[in-house]
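**Q** With the input below, show me the fold.
(4 chains, ligands or ions: 2)
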Number of protein chains: 2
Amino acid sequence: MRPFTDMTRAAQLPQRSVIPVNTIGRLSLYRRLLSDQLATGARQVFSHQLAALAVTTAPQVRRDLMTIGFSGSPRRGYAIADLVTAIDDVLVRSVETAVALVGVGNLGRPVLAYYANRQPIRFAAAFDRAPEKTGRVLHGCRCYASDQMTEVVAREQIHVGVIAVPAAEAQAVCDQLVLAGVKGILNFAPVRLRVPAGLHVENVDLMMALDRVAYFAHEHR
Amino acid sequence: MRPFTDMTRAAQLPQRSVIPVNTIGRLSLYRRLLSDQLATGARQVFSHQLAALAVTTAPQVRRDLMTIGFSGSPRRGYAIADLVTAIDDVLVRSVETAVALVGVGNLGRPVLAYYANRQPIRFAAAFDRAPEKTGRVLHGCRCYASDQMTEVVAREQIHVGVIAVPAAEAQAVCDQLVLAGVKGILNFAPVRLRVPAGLHVENVDLMMALDRVAYFAHEHR
DNA sequence: GATTATCTGTGAGATGTCTCACAGCATGAG
DNA sequence: CTCATGCTGTGAGACATCTCACAGATAATC
Ligand SMILES: NC(=O)c1ccc[n+]([C@@H]2O[C@H](COP(=O)([O-])OP(=O)(O)OC[C@H]3O[C@@H](n4cnc5c(N)ncnc54)[C@H](O)[C@@H]3O)[C@@H](O)[C@H]2O)c1
Ligand SMILES: NC(=O)c1ccc[n+]([C@@H]2O[C@H](COP(=O)([O-])OP(=O)(O)OC[C@H]3O[C@@H](n4cnc5c(N)ncnc54)[C@H](O)[C@@H]3O)[C@@H](O)[C@H]2O)c1
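**A** Ligands and ions are numbered 1, 2, ... in the order given. I've put the predicted structure just below:
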């Protein structure tokens, strides 16, 4: 490794948004919990009840709902159905998001199965460079050769890419996806991706996750 | 859902540690990147080089290494081999961590395959309540019936549990694991688990991850 | 209609994490 | 040996997020 100049200043970090990143994550969780509650017949919920379900605190819940401009009523709490709708609006669940998977391997297949047919996420295409994988249809999702990416991403109006290829290929695939026009990436490879400023990458790094658990487990004795 | 009292005050949150949670995660990443570098023949690394690999900033790298008390040399940078050892010490990679998987399903199987035989993590046991799954050995890991959990966790000195059962079962399985004596949990079910104070839970929530990507993708246009 | 209980909305402060700038020093060159 | 270079170590401040406490509001009760 030879010396090179420092180009590591905060690049795509200033991900500015009115809604904190962590709040977005909790809203996703609240939405699922509230759907379950609706199914049980509940119509109203208090901040402390939602907090108990989400294993957080009541003020945190109220702050999150305040952040998205949703109001409740003292003594009655929040109207569950309205709240689910409000969260759906924020999380862009009212419009379908087309997604592409790259890497139909040991991980890609179960991930596709898991997400398949979950509104409003639609897996519009999968890509793999291995010829024997292309042409097939898995869970309603057609698998294309990698060199068709630009064309298919444009045609299907795909906004999000999911990377499930070996670590050594991840940056190349990421560059392809960005060039093809995706606006967000979910990355399962255990590397950090270099992307243009503003483009959001969500990393799911199982090795890191287990390292963290092991560290805190040993700290706790 | 009937009213109940607020028991949602900050409970297991004060996860106190000298090393910030995020730093632990980055150390895991640094370790892998540095191993790769060692394999290419590199012996020393500068903070800005490691920052480039990890897609972060040079001061962040120096701060992280300072936090674990590792020193470099001006003009020479950090000695890679020593740094890997230092990180291994912090991440408890110098002793084997025994892990148990609960839920040998569509997700559990590939996860087991992924982690299998990666030192120093050892999957010492798997558990499933479906009788047809028990008794078999997958990737060197024996599958037991759930009611043997307490016994096996004690015998194999298992410190960490991985939960890959349906959401509705996750809290019950978590309680079983805690009772059996695990000190940390990696949770793949899309719910938040209630655990005793101090016990660390790492959540891998794919639904939330995709919601976050979709949100920022749409924000970006 | 007045009273009361109790839940929401939110300012202000606490906490945790990241960023910046630069002093100090080890190293290689002369 | 001395000097100049350029990288590390770190204080101090910026920033993001969480927590707390309570004012104010509303629905239920009488
Ligand atoms: N298997 C798991 O359970 C698991 C868990 C967590 C993370 N991961 C990570 O996910 C990634 C994939 O793991 P896997 O086990 O599915 O690997 P895999 O080898 O089973 O599958 C990878 C797939 O990607 C395809 N591919 C490779 N390079 C490509 C490219 N440049 N363009 C398009 N397709 C390409 C291959 O043809 C293959 O089908 C790895 O980075 C791994 O670290 C895997
Ligand atoms: N399949 C995926 O790709 C995927 C991805 C992300 C998250 N998840 C989550 O992971 C979890 C498991 O998903 P899956 O697709 O593997 O489900 P699955 O139904 O294929 O497997 C679940 C396994 O858990 C076992 N089980 C159920 N209850 C149990 C209990 N109380 N004790 C012990 N074993 C029990 C079942 O016998 C089964 O073998 C779910 O919470 C799901 O939301 C799955």
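
**Q** CA only for contacts and neighbour counts going forward, please
**A** OK.

**Q** tell me the contacts of residue A:190?
**A** For residue A:190, the contact set (CA atoms under 8 Å, 6 or more residues apart in numbering or on different chains) comprises A:167, A:204-207, B:29.

**Q** how about the helices of chain A, start to end?
**A** Using DSSP state H, the helices of chain A run over residues A:21-39, A:47-54, A:58-67, A:80-90, A:108-115, A:149-155, A:167-180, A:206-219.

**Q** Say whether DNA strand D is contacted by the second one.
**A** No - contact of helix A:47-54 with DNA strand D is not found when judged by CA under 7 Å from any atom of the strand; the minimum separation is 10.2 Å.

**Q** Contact partners for residue A:130?
**A** Contacts were defined as CA under 8 Å, 6+ apart; by that measure residue A:130 touches residue A:145.

**Q** Could you do residue A:72 as well?
**A** Under the criterion of CA under 8 Å, 6+ apart, the contact list for residue A:72 reads A:78-79.

**Q** circling back: which stretch among the helices of chain A comes nearest residue B:198?
**A** The minimum distance between residue B:198 and these falls on helix A:206-219, with 8.7 Å, by CA to CA.

**Q** What distance do you get for residue A:151 to residue B:213?
**A** Shown here: residue A:151 relative to residue B:213, a distance of 22 Å by CA to CA, to the nearest Å.

**Q** if you count what's nearby, which of these two comes out ahead?
**A** Neighbours were counted for residue A:151 and for residue B:213 using other CA atoms under 10 Å in any protein chain shown; residue B:213 has more, 26 against 11.

**Q** coming back round to it: pipe the helices of chain A into CSV and attach mean pLDDT and distance to residue B:65 per row.
**A** Rendered in CSV, the data for the helices of chain A read as follows (pLDDT from 0 to 100; distance: least, CA to CA, whole Å):
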stretch, mean pLDDT, distance to residue B:65
helix A:21-39, 97, 26
helix A:47-54, 98, 34
helix A:58-67, 98, 33
helix A:80-90, 97, 39
helix A:108-115, 95, 35
helix A:149-155, 98, 40
helix A:167-180, 98, 24
helix A:206-219, 93, 16
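
**Q** Using a markdown table, lay out those together with distance to ligand 1.
**A** Formatted as a markdown table, the entries for the helices of chain A read as follows, by distance: least, CA to the nearest ligand atom, whole Å:
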| stretch | distance to ligand 1 |
| --- | --- |
| helix A:21-39 | 21 |
| helix A:47-54 | 25 |
| helix A:58-67 | 31 |
| helix A:80-90 | 29 |
| helix A:108-115 | 5 |
| helix A:149-155 | 10 |
| helix A:167-180 | 4 |
| helix A:206-219 | 5 |
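
**Q** Distance to residue A:190 for these - can I get that in JSON lines?
**A** Formatted as JSON lines, the helices of chain A follow (distance: least, CA to CA, whole Å):
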{"stretch": "helix A:21-39", "distance to residue A:190": "21"}
{"stretch": "helix A:47-54", "distance to residue A:190": "28"}
{"stretch": "helix A:58-67", "distance to residue A:190": "31"}
{"stretch": "helix A:80-90", "distance to residue A:190": "30"}
{"stretch": "helix A:108-115", "distance to residue A:190": "14"}
{"stretch": "helix A:149-155", "distance to residue A:190": "23"}
{"stretch": "helix A:167-180", "distance to residue A:190": "6"}
{"stretch": "helix A:206-219", "distance to residue A:190": "7"}
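
**Q** Can you check which of the ones you listed gets nearest to residue B:36?
**A** Relative to residue B:36, the nearest member of these by CA to CA is helix A:167-180, separated by 10.8 Å.

**Q** Quick one: residues contacting the residue nearest to residue A:202 when sequence neighbours are not counted.
**A** The spatially closest residue to residue A:202, leaving aside those adjacent along the chain, is residue A:186, at 4.9 Å (CA to CA, 6 or more residues apart in numbering or on different chains). Shown here is residue A:186, whose contacts under the criterion CA under 8 Å, 6+ apart are A:160-163, A:201-204, B:209-210, B:213.

**Q** of all these, which two lie farthest apart?
**A** With distances taken as CA to CA, the most widely separated pair in the contacts of residue A:186 is A:160 and A:204, at 15.0 Å.

**Q** Looking only at neighbour counts, state which of these two leads.
**A** Of the pair residue A:160 and residue A:204, residue A:160 is the one with more neighbours under other CA under 10 Å, namely 30 against 18.

**Q** give me every residue that touches that one.
**A** Contacts of residue A:160 were listed using CA under 8 Å, 6+ apart, and they are A:97-100, A:182-186, B:213-214, B:217.

**Q** again, only this time at 10 Å
**A** The contact partners of residue A:160, by CA atoms under 10 Å, 6 or more residues apart in numbering or on different chains, come to A:97-101, A:121, A:123, A:153, A:177-178, A:181-186, A:200-201, B:210, B:213-214, B:216-218.

**Q** Break chain A down into its structural domains.
**A** A:21-90, A:97-209 (automatic domain parsing).

**Q** Dump the ones you listed to JSON lines, plus distance to residue B:66.
**A** Rendered in JSON lines, the data for the domains of chain A read as follows (distance: least, CA to CA, whole Å):
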{"stretch": "domain A:21-90", "distance to residue B:66": "27"}
{"stretch": "domain A:97-209", "distance to residue B:66": "20"}
